[in-house]
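Participant: sequence plus the predicted model coming up.
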Amino acid sequence: MLHFTAIVVVALLLLVAPLTECLPGAMDESALVDDCLTTNNISQAEFQARINMNSSEEDLENLDRKYKCFAHCLATKANILDSGGLVDVAKIDEMEPLSDERRQALDNCKRAHDEQAQADGCEYAFSILLCVSDHLEGSDESGVEGEA
């Protein structure tokens, strides 16, 4: 089962890092995360406790909606959604070139979840993160090792 920490790492690598690199003077990563935490009424302590939770205590499929909306907030602020609210792989690739592994994971996850976007943006964003994390966790590219 995926761990919430893995989801956060993927979110930071795919959503936050490209935004902060391409928009000089924009909020730094921690400010962006803080803004989305505040927007979704998640305290720093609550967020940290969630990250520190061990995988046997987690139920990511039934995660509180505010954490799913946190993922949507990051995607929105990172400007990686197209006008229809779908993840735009080309935009992500323009901000920070994607490895073939990450591009394939995003493409596969978009095919599986794009229909969900119009119904519920928060569920969609979180489903994409779960899916990408699952793809990368099962590959040699975890999203952590080898990253600069």
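Facilitator: Yep, it's here. Numbers count the residues shown, from 1 in each chain.
Participant: quick one: least confident helix or strand in the protein?
Facilitator: Every helix and strand in the chain was compared by mean pLDDT, DSSP states H and E; the lowest is helix 17-22, with a mean of 46.
Participant: I'd like the next helix or strand past it.
Facilitator: Past helix 17-22, further along toward the C-terminus, the next helix or strand under DSSP states H and E is helix 29-39.
Participant: next SSE after that following helix?
Facilitator: helix 44-52.
Participant: which elements pack onto the strand or helix carrying residue 76?
Facilitator: In the assignment (DSSP H and E), residue 76 maps to helix 65-77. Judged by 3 or more C-beta pairs under 8 Å, 6 or more residues apart in numbering; DSSP states H and E, helix 65-77 is in contact with helix 4-11, helix 29-39, helix 121-137. C-betas here are computed from N, CA, C, even on glycine.
Participant: can I get those in a markdown table including mean neighbour count?
Facilitator: Formatted as a markdown table, these follow (neighbours: other C-beta atoms under 10 Å):
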| stretch | mean neighbour count |
| --- | --- |
| helix 4-11 | 21 |
| helix 29-39 | 16 |
| helix 121-137 | 22 |
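Participant: using TSV, lay out the ones you listed together with mean pLDDT.
Facilitator: Formatted as TSV, those follow (pLDDT from 0 to 100):
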stretch	mean pLDDT
helix 4-11	55
helix 29-39	86
helix 121-137	86
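Participant: how many neighbouring residues does residue 111 have?
Facilitator: 10 (other C-beta atoms under 10 Å).
Participant: what mean pLDDT does the helix or strand containing it get?
Facilitator: Assigned by DSSP H and E, residue 111 belongs to helix 100-113. Helix 100-113 carries an average pLDDT of 91.
Participant: related to what we said a few turns ago, mind putting the helices and strands packed on helix 65-77 into JSON lines with distance to residue 75?
Facilitator: Output for the helices and strands packed on helix 65-77, formatted as JSON lines (distance: least, C-beta to C-beta, whole Å):
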{"stretch": "helix 4-11", "distance to residue 75": "8"}
{"stretch": "helix 29-39", "distance to residue 75": "10"}
{"stretch": "helix 121-137", "distance to residue 75": "5"}
